[in-house]
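Student: coords below, sequence missing:
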């Protein structure tokens, strides 16, 4: 997860916000987030809610209309990922 977050933060432009959900409130993951990424909003669930439940919580918490989802082992393969997403979204909205 820390590698994924590091890669996401290196994108240009960087995302407007990053929200992470810790399923089951894993103490080691929560501590790693506090140490390495204190500026990132962290949601947690005491009980396991799975990927779908986590995505629902994250989308509900997002302040922006466009949301990108990444698992802890996936990340953008190009540093301009978010610029491409914005450009495509604008093109689709203008059609």
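Tutor: Perfect, thanks for sending it. Just so it is clear, the structure is predicted and the values come from calculations on it, not from any experiment. Numbering: from 1, shown residues only.
Student: ok, residue 64 touching residue 58?
Tutor: No - at 11.6 Å, residue 64 does not count as touching residue 58 under the criterion of CB atoms under 8 Å. Just so you know, the C-beta spots here come from the backbone N, C-alpha and C atoms, and that holds for glycine as well.
Student: Tell me where the chain has helices.
Tutor: Taking DSSP state H as the test, the helices found in the chain are 2-9, 27-36, 50-61, 81-93.
Student: which of residue 64 and residue 58 has more neighbours?
Tutor: residue 58 (16 against 9; other CB atoms under 10 Å).
Student: Would you check how far apart the more buried one and residue 78 are?
Tutor: 22 Å (CB to CB, to the nearest Å).
Student: And residue 31, by the same measure?
Tutor: Applying CB to CB, the value for residue 31 to residue 78 is 31 Å.
Student: shouldn't residue 57 be in contact with residue 22?
Tutor: No - between residue 57 and residue 22 there is no contact, the gap being 10.8 Å when judged by CB under 8 Å.
Student: what touches both of the two?
Tutor: Listed as contacting both residue 57 and residue 22 by CB atoms under 8 Å, 6 or more residues apart in numbering are 43, 45.
Student: which residues of the chain score low on pLDDT?
Tutor: In the prediction, the chain carries no residues with pLDDT under 70.
Student: ok, now with 90
Tutor: 1, 25-26, 72-73, 93-95 (pLDDT under 90).
Student: one step back: which one of the helices of the chain lies nearest to residue 43?
Tutor: Among the helices of the chain, helix 50-61 comes nearest to residue 43, with 5.6 Å by CB to CB.
Student: Quick one: list the elements packing against that closest one.
Tutor: On a contact count with 3 or more CB pairs under 8 Å, 6 or more residues apart in numbering; DSSP states H and E, helix 50-61 meets strand 19-23, strand 41-45.
Student: Next, format the ones you listed as CSV and append mean neighbour count and distance to residue 9.
Tutor: Output for these, formatted as CSV (neighbours: other CB atoms under 10 Å; distance: least, CB to CB, whole Å):
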stretch, mean neighbour count, distance to residue 9
strand 19-23, 19, 12
strand 41-45, 15, 14
